[in-house]
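Peer 1: Model the following, please.
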Amino acid sequence: MDRMILHCDMNGFYASVELLSFPELRNKPMAVCGNPESRHGIILAKNELAKAYGIVTAETVWQAKKKCPDIALVKPHHQKYQDYSKKINQIYGRFTDMVEPFSIDESWLDVTGSRRLFGTGREIADMIRNTVKVELDLTLSVGVSFNKVFAKMGSDYKKPDATTEITRENYKELIWPLPIRDLFFVGGMTAEKLGKTGITTIGQLAASNRGMICSMLGKQGAMIHDYANGIDDSPVCRSYERQKIKSVGNGITFKRDLLGMNDIKTAIIALSDTVAGRLRRYGMKCDGVKIDIKDPMFHTISRQKLLSASTNLAEEIGTAALELITKSWNLKEPIRMLTITGIGLSDELENEQLSMFAADQENRDKAEKIERALDNIRQKYGEHAITFGGILHNDIGIELNEQYESDYVESC
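Peer 2: Model (predicted):
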């Protein structure tokens with residue numbers, strides 16, 4: 001018997017939560033932004049009316065106002081979003097104990113064992129949407145399918161406030177005509193490589209020779225070929241199972257030894273960006289940062305430090321890594337290999353002590369929204385689509401759109 005997987009995705013989450021406090025803005029274009037009084041503040045979230053004006057996440061306030069001069073701007077309230085995220089996941093928990101948060105506003109649910117109590121997957125999805133709407137006055141879109149990948153694509157298929165069911169009988173009709181970039185985990189560079197062979201749709205990928213795709217793309221090729229054909233047996237992990245992950249790290253042996261601060265900073269930017277992105281993907285934050293340095297003679301040192309606040313932000317992880325290196329390493333000595341690891345992991349939905357300084361918290365909220373926007377761009381268009389200028393054209397062996405040799409997740 002097939003599994004029954006749901007992917008629940010809140011609609012315009014930050015903006016929708018703010019509208020609960022500002023109901024007078026429901027019929028107006030509105031956005032949540034870092035600093036409504038500043039031309040240089042950025043858009044963190046927007047409602048459907050603002051979206052219709054072409055306003056996008058991470059653009060500046062002045063750009064948004066050029067598109068829609070009358071847009072209403074609201075300051076973010078980070079703790080409020082955390083609180084509502086917990087309430088939403090508690091509602092999911094009434095239908096199944098197998099709930100896996102993917103981000104603050106997305107979760108997978110395995111309702112295979114819940115069908116005798118609540119009905120079909122579609123019926124459960126509609127019950128969840130109605131419960132969230134009645135109890136919290138928020139809307140979500142739900143994908144219903146026999147695996148996680150198609151459930152995720154189902155929640156993206158129709159928005160807002162909709163249920164889309166992708167079955168073994170209809171997935172070829174719904175999924176196969178879509179552009180190859182719409183397939184989960186297919187980025188821009190991968191799509192470009194496939195396009196050169198004439199593969200531009202998900203259906204064409206599904207019908208292609210698996211061996212050829214693997215020879216082109218390696219393990220990723222095998223994975224996306226399976227996904228296109230509806231093959232995905234990855235489980236929905238309960239929250240407490242996800243917390244068994246002890247650390248997330250990333251390291252690389254460089255094409256040439258690192259020499260001096262410029263090389264070290266380039267490496268830190270790339271590695272901390274990858275670690276932070278992976279933490280966000282797992283819905284985790286780290287309470288500390290650990291570095292491992294190996295010199296050309298294969299001598300290795302390890303150092304670690306606790307952070308003042310848990311994080312999954314690349315800048316904060318990178319800053320901690322740089323402090324550790326400058327305190328523990330002679331910068332005149334070469335570095336053969338560097339690894340950065342986030343340690344002391346916790347679920348990002350847990351309560352955390354917010355900064356007593358509003359400006360500090362606002363800056364962290366802004367940074368998190370920007371980095372999540374980068375995640376979304378990379379997921380859709382590929383790792384090469386957007387990156388930091390500091391790692392472009394480097395000669396130390398950091399390749400865009402490639403995983404580093406010692407990616408790892410350490411579990412209990």
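Peer 1: ok, residue 22 touching residue 74?
Peer 2: Yes - counting by Cβ atoms under 8 Å, residue 22 does reach residue 74; the two are 6.4 Å apart. Every C-beta, even on glycine, is put in place using the N, C-alpha and C of the backbone.
Peer 1: Need the overlap of contacts for those two.
Peer 2: Counting by Cβ atoms under 8 Å, 6 or more residues apart in numbering, the shared contacts of residue 22 and residue 74 are residue 30.
Peer 1: More neighbours: those two, which one.
Peer 2: Ranked by neighbour count (other Cβ atoms under 10 Å), residue 22 and residue 74 place residue 74 first, with 20 against 13.
Peer 1: can you give me how far stretch 11-31 is from the chain middle?
Peer 2: Between the centre of stretch 11-31 and the centre of its chain there are 23 Å (Cα atoms, centre = their mean, to the nearest Å).
Peer 1: From start to finish, how long is that stretch in a straight line?
Peer 2: End-to-end span of stretch 11-31 (Cα to Cα, to the nearest Å): 13 Å.
Peer 1: State the mean pLDDT of it.
Peer 2: For stretch 11-31, mean pLDDT is 94.
Peer 1: Pull out the buried positions in that stretch.
Peer 2: 11-19, 25, 29-31 (16 or more other Cβ atoms under 10 Å).
Peer 1: hang on, isn't residue 317 packed against residue 288?
Peer 2: No - in this structure, residue 317 is not within contact of residue 288 by Cβ under 8 Å, at 9.9 Å.
Peer 1: if you count what's nearby, which of those two comes out ahead?
Peer 2: residue 317 (26 against 18).
Peer 1: what touches both of residue 317 and residue 288?
Peer 2: Shared contacts of residue 317 and residue 288, defined by Cβ under 8 Å, 6+ apart, comprise residue 342.
Peer 1: And stretch 315-328, how far out from the chain middle?
Peer 2: With Cα atoms, centre = their mean as the basis, stretch 315-328 stands 24 Å off its chain's centre.
Peer 1: what's in contact with that stretch?
Peer 2: 264-265, 268-269, 271-273, 275-276, 286, 288-289, 291, 293, 301, 303-305, 307, 311, 331, 340, 342, 367.
Peer 1: out of those, which are buried?
Peer 2: Burial by neighbour count, judged by 16+ other Cβ under 10 Å, picks out 264-265, 268-269, 271-273, 275-276, 286, 288-289, 291, 293, 303, 307, 311, 340, 342, 367 from the contacts of stretch 315-328.
Peer 1: Restricted to strands, list those residues.
Peer 2: Among the buried ones among the contacts of stretch 315-328, the ones falling in strands (DSSP state E) are 286, 288, 289, 291, 293, 303, 307, 311, 340, 342.
Peer 1: between those, which is nearest residue 135?
Peer 2: Residue 135 lies nearest to residue 311 out of these, by Cβ to Cβ, at 31.4 Å.
Peer 1: What residues are bridge-paired with the closest one?
Peer 2: Counting by DSSP bridges, residue 311 forms beta bridges with residue 286.
Peer 1: Can you report phi and psi for residue 91?
Peer 2: phi -60, psi -40 (degrees, to the nearest 10).
Peer 1: Just the CA trace of stretch 49-61, in CSV.
Peer 2: Extracted in CSV, the C-alpha atoms of stretch 49-61 (Å, rounded to 0.1, in the frame of the first residue of the first chain):
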residue,chain,number,x,y,z
LEU,A,49,-2.3,42.1,-3.6
ALA,A,50,1.3,43.3,-3.3
LYS,A,51,2.5,40.3,-5.2
ALA,A,52,0.2,41.3,-8.1
TYR,A,53,2.2,44.5,-8.4
GLY,A,54,5.4,42.5,-9.0
ILE,A,55,6.8,43.1,-5.5
VAL,A,56,9.3,40.4,-4.6
THR,A,57,11.0,39.3,-1.4
ALA,A,58,14.4,40.9,-0.7
GLU,A,59,14.0,44.0,-2.9
THR,A,60,14.4,47.3,-1.2
VAL,A,61,11.5,49.4,0.2
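Peer 1: Flag every buried residue along that stretch.
Peer 2: Buried positions in stretch 49-61, judged by neighbour count with 16+ other Cβ under 10 Å: 49, 50, 51, 53, 55, 57, 58, 59, 60, 61.
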